[in-house]
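Colleague: 3D model of this:
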Amino acid sequence: MRDNIFLSYVLVDLLFAVGGGLLLIFALVTRSEIDQTPTIQNVATDLLLSMCPLTAAIANAVLIFFTFLMSVPAMVMPMTRGWLKFHGYLVVICALFTMIIGLTIWFDTLKTRKNLSNIWNAQPNTTQSLLQQKFNCCGYNNATSPPFFVPDSVCTTPLVAAANIGCVTPFVSFANNFLDIIFTGAFGIVGIDVALILTTAMLLKDRKEKERYRHIDEKQGVGSF
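Modeller: From the prediction side, this is the model:
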């Protein structure tokens, strides 16, 4: 007879492991991309990704994989509840960890203009020029207030630069849309964690009831089922 509760638990647990894999791949690929030479195509995304807590994401992914491994004894021993409880507690920790990462990125979106101003000021002229070319703008606020524009193919002269917009508006808009995708993904993983917590609780209840019935049958001399 097929155990639908157990199968649901296994399915969501596998999704949980996949979420950890995606988190690890994202962090490792991001680190690799950040180390590459900036271009017009990747300069903005790389600067934004450098703001993300990548080390915490890697640590979270490792914890997720460890938690998944702790679910294996609960799967292979169909009547055990100790391993299942331990796994459930670890899933709660993983969910909180991932939520903190997502909330950290979300909170940064509330301070995007300030954060991007600090990032812009810390960049060399070559990177600022790439951002100007990407967003077709001149200077951060505008061409006539510090930090001043960098002469390039977009901002060829002070007159041309003064007629162009500052980079702050398109850069902030791009950053908010990009970071929204990242923290939404993190919250999506938290959603899987919550689903796993619920299926774990259901499986615990199911195993407890089966154990109770088994004890009743043993007392009646029927034997375990």
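Colleague: what pLDDT, on average, does stretch 208-215 get?
Modeller: Averaged over stretch 208-215, pLDDT sits at 75.
Colleague: what's the distance between that stretch and the middle of its chain?
Modeller: Computed by CA atoms, centre = their mean, to the nearest Å, the chain-centroid distance of stretch 208-215 equals 40 Å.
Colleague: Regarding Ala143, what is its secondary structure?
Modeller: What DSSP: H, G, I helix; E, B strand; the rest coil gives for Ala143 is coil.
Colleague: so what secondary structure elements neighbour the helix or strand hosting Ala195?
Modeller: When elements are assigned from DSSP states H and E, Ala195 belongs to helix 168-219. Applying 3 or more CB pairs under 8 Å, 6 or more residues apart in numbering; DSSP states H and E, one finds that helix 168-219 contacts helix 4-34, helix 43-49, helix 82-109, helix 112-122, helix 125-135. C-beta coordinates here come from the backbone N, C-alpha and C atoms, glycine included.
Colleague: What residues sit buried inside the longest one?
Modeller: What that stands for is helix 4-34. Buried positions in helix 4-34, judged by neighbour count with 16 or more other CB atoms under 10 Å: 6, 8-10, 12-13, 15-17, 19-20, 23-24, 26-27, 30, 34.
Colleague: Can you check what angle separates that helix from helix 168-219?
Modeller: With axes from the mean of the first three to the mean of the last three CA atoms, to 10 degrees as the basis, helix 4-34 and helix 168-219 are set at 150 degrees to each other.
Colleague: And Ile40, how far from Gln132?
Modeller: Separation of Ile40 from Gln132 (CB to CB, to the nearest Å): 10 Å.
Colleague: Which one's more surrounded, those two?
Modeller: Using other CB atoms under 10 Å, the more surrounded residue of Ile40 and Gln132 is Gln132, with 27 against 13.
Colleague: where does this structure have low pLDDT?
Modeller: The model of the chain has pLDDT under 70 over residues 1-2, 213, 215, 217-218, 220-225.
Colleague: so who does Leu22 touch?
Modeller: 185, 189 (CB atoms under 8 Å, 6 or more residues apart in numbering).
Colleague: let's go with 10 Å and repeat that
Modeller: Contact analysis of Leu22 by CB atoms under 10 Å, 6 or more residues apart in numbering lists 61, 64, 185, 188-189.
Colleague: what do you get for Ala122?
Modeller: Here Ala122 is in contact with Leu47 (CB under 10 Å, 6+ apart).
Colleague: quick one, phi/psi of Val139?
Modeller: Actually, residue 139 is Gly. It isn't Val. phi 70, psi 170 (degrees, to the nearest 10).
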